[in-house]
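In: build me a model from this:
(chains A and B)
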Amino acid sequence: MSGATKINVRVSEIVPLNELVTRFKFERTDGGQLPTFSGGAHTVVEMKDEDRTRLNPYSLMSDPADRSAYTISVRRDDEGRGGSLFLHQKVKVGDEMVLSNPVNLFSLDLRAKKHLMIAGGIGITPFLAQIKQLDRNHGNWELHYAARSEDLASYARELKSEHPNDVHVYYDVKGEAINLQHLLDGQPLGTHIYICGPKGMINWVRGTAKELGWPREAVHYEEFLAPKPGKPFEVKLAVSNKVIEVSENESLLEAIERAGVDAPYLCRGGACGQCETDVLECDGKIVHRDHWLDPEEHASNKKIMPCVSRFTGKMLVLDR
Amino acid sequence: MTIQFNDETFRDDYSFRNSAWAIKRFPFPFDKDDYMYSVNMEPHAGGREGSVFDNRFDVDEHYVAEMRDRAMVLDQDPLRCQSLPHMTLAGWDLLELIMEAKSEDYPDLFELHRDGDKWRWINKPMGIDDTFTFLDETTLPYGPMEYITRQTQGDFAVLDQRDDNLWMDAGMITTQADWSLDFDIGMNFFEWHAPVPLAHEKGIFVRALKYLLNIQQGSPARRLNWTMTVNPLLDTSPENYHKWGVQKTTLTPENLGSKQHLRVELQTFFRLPRSNAMVFPIRCYLCAFQDLMSVPKWGRRLHRVIRDLPEELPVYKGFAANRPMMLDYLSKFDDGLPTSPGIWPEVKTEPALQM
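Out: Here you go, the predicted structure:
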């Protein structure tokens, strides 16, 4: 079976935080303990939405040492393919669901003398777990958190009251912004930067750090791509000898799975590389949307990451 | 299951012996009549009952003697155990993993009692009964990695994962096939594998690293590796080459069957949950040629594998000089009959030697 090991859970609490974000708490259906994890890890939530199965990754935000429950916070995406809407609208307390074992693609570098965290919007969630982990080990950290408004800044109040000196919050509506140049300039040697937020923020911080001469290895970031909808297309799977139709609101990976073909995956967000698939024939254009393949590989049309990428054209044949 | 622990040595008088039980479960590494490097990894999720694959950390009749040998090595050379400062959390991960696994898999030998952070660990074969505070180093006689690996067979490389690579940042290495933790500490996956011939050209390490980086919590993997050792030596380290290297010249046609050992490493890979590091246990099993020859299938196959190896491998593995003498010995156990696929001895179905 593909993906990480599965855990059967029950939804034990649903808390709306603001008009966009809702928190979900899961406990094991057998009453046992959940695996411990490292701050920055995510879980893949399996959603049975009528005849289709959705698998979406969400950062674990609970205390990694608390093995009684996992919590995630989900931002409603009205433009997306429906995973967050399903969680917001259809999931009720008591429902049974399936999670994957934790997977960490946004791990702390434990060599760091200081961890400088930069969050944008819902990108706050992995930092909540990392902060709990670091506090237990007396780690040195500082958080800069930008949100649209006070109402939409999930957990800002709690963070600020628990860590008044280490947490800095910026509100767009008040015209506040992180003074990045100044912030990065003033850091002690051995500091590592972590960024989780919208693509623009990630590029801004990475670019500024690069200009200021930060080593590449000291800048960490996580951006989950939700697979974007797109025009339907047809794909031939050579190994399993099937022709499948990828509909507007499903990813290529989901369509492969729906056809009963077991394809490898982990993050389902274009980051981990696990689902990399060889392209045998391509008469058309692959719409690459992943962070995994390098620009040369994208240009070659020899590889595709079916979790997020799509295709337009006459014929695409995959080695699957 | 009750294990009778051997009173034996891996040095000086070499009283190490495999019982009939140990020979039957020896992890013979060749699944066909020829051998080449490959990414031969599979899930480490149990195996044939009683085999070395059955449990997460195999405990066998050599346990107590191996731990005694490790203590002697560490006494003479403390640098065989090292842990860079950022790896302490991974050490706790490893301690937890081993204590949970052993107490679940061998409840008659090991017990773990947890009351929050207060843990009590009982290791009956070694006569240990310790109480300590989880994640508090000051409550253990050694660091967490050293503490638990002084009580667990096999070497342990603890690898930090960062920058899409694995880094040898901690380890307990006393039963190694001629490599040095003190030399490799801080190196990345490609650096510490640099001396291996042929495999780089085949792209083995690029693929192996990709596989390892994606190993997930709760889904460990394993593979077998092998080499040759004259005399049942656990410590074949570069640091002590002056002591054991010369022993390779003591082989004669008369003593080869008892002195020449096939050395097999059961290598496993586990994701460590709190640190997101990896642990790479390398468990060494030794078997004298004369004991291997008691299994007709293994006799036939070992001759064919050793005979047909490309020259680079015996040179790298350090048995090129003794290979002709080995082949003279092994050829007497190869009657040319076909062998069944797979590593298992198949003593009931495989015909006896026809010569």
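In: dump the strand or helix carrying A:Leu159 to PDB, restricted to CA.
Out: Using DSSP states H and E, A:Leu159 sits within helix A:156-162. This file holds the C-alpha atoms of helix A:156-162, laid out as PDB (Å, rounded to 0.1, in the frame of the first residue of the first chain):
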ATOM      1  CA  ALA A 156      -2.000  35.100  17.900                       C
ATOM      2  CA  ARG A 157      -3.500  36.100  21.200                       C
ATOM      3  CA  GLU A 158      -2.500  32.900  23.000                       C
ATOM      4  CA  LEU A 159       1.000  33.000  21.600                       C
ATOM      5  CA  LYS A 160       1.500  36.600  22.600                       C
ATOM      6  CA  SER A 161       0.200  36.100  26.100                       C
ATOM      7  CA  GLU A 162       2.300  33.000  26.700                       C
END
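In: buried sites along it?
Out: A:Ala156, A:Leu159, A:Lys160 (16 or more other C-beta atoms under 10 Å in any protein chain shown). C-beta: built from backbone N, CA, C; applies to glycine.
In: each with direction, which strands does the helix or strand just after it pair with?
Out: Per DSSP H and E, the first helix or strand lying C-terminal to helix A:156-162 is strand A:167-171. Strand pairing for strand A:167-171, determined by DSSP bridges: strand A:141-147 (parallel).
In: quick check: mean pLDDT of the strand it pairs with?
Out: For strand A:141-147, mean pLDDT rounds to 98.
In: can you pull the phi/psi pair for B:Phe134?
Out: Phi and psi for B:Phe134, reported as degrees, to the nearest 10, are phi -60, psi 130.
In: gap between A:Ile286 and chain B?
Out: As judged by C-beta to the nearest C-beta, to the nearest Å, A:Ile286 and chain B stand 21 Å apart.
In: for A:Glu248, same thing?
Out: Computed as C-beta to the nearest C-beta, the A:Glu248 to chain B distance reads 30 Å.
In: my read: that residue touches A:Lys231, true?
Out: Yes: between A:Glu248 and A:Lys231 there is a contact under C-beta atoms under 8 Å: 6.8 Å.
In: now the buried residues of helix A:156-162 in CSV, please, with extra columns for pLDDT and distance to chain B.
Out: Listed next are these as CSV, based on pLDDT from 0 to 100; distance: C-beta to the nearest C-beta, whole Å:
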residue, pLDDT, distance to chain B
A:Ala156, 97, 27
A:Leu159, 97, 22
A:Lys160, 96, 27
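In: my guess is A:Val279 contacts A:Asn301. True?
Out: Yes: using C-beta under 8 Å, A:Val279 is in contact with A:Asn301, at 6.0 Å.
In: what do the two both touch?
Out: Shared contacts of A:Val279 and A:Asn301, defined by C-beta atoms under 8 Å, 6 or more residues apart in numbering or on different chains, are found at A:Ile286.
In: check which helix or strand covers B:Thr88.
Out: Assessed by DSSP H and E, B:Thr88 sits inside helix B:88-105.
In: say whether chain A is contacted by that helix.
Out: Yes: using C-beta under 8 Å from any C-beta of the partner chain, helix B:88-105 reaches chain A at B:Leu89.
In: how many neighbours does B:Gly342 have?
Out: By the criterion of other C-beta atoms under 10 Å in any protein chain shown, B:Gly342 has 12 neighbours.
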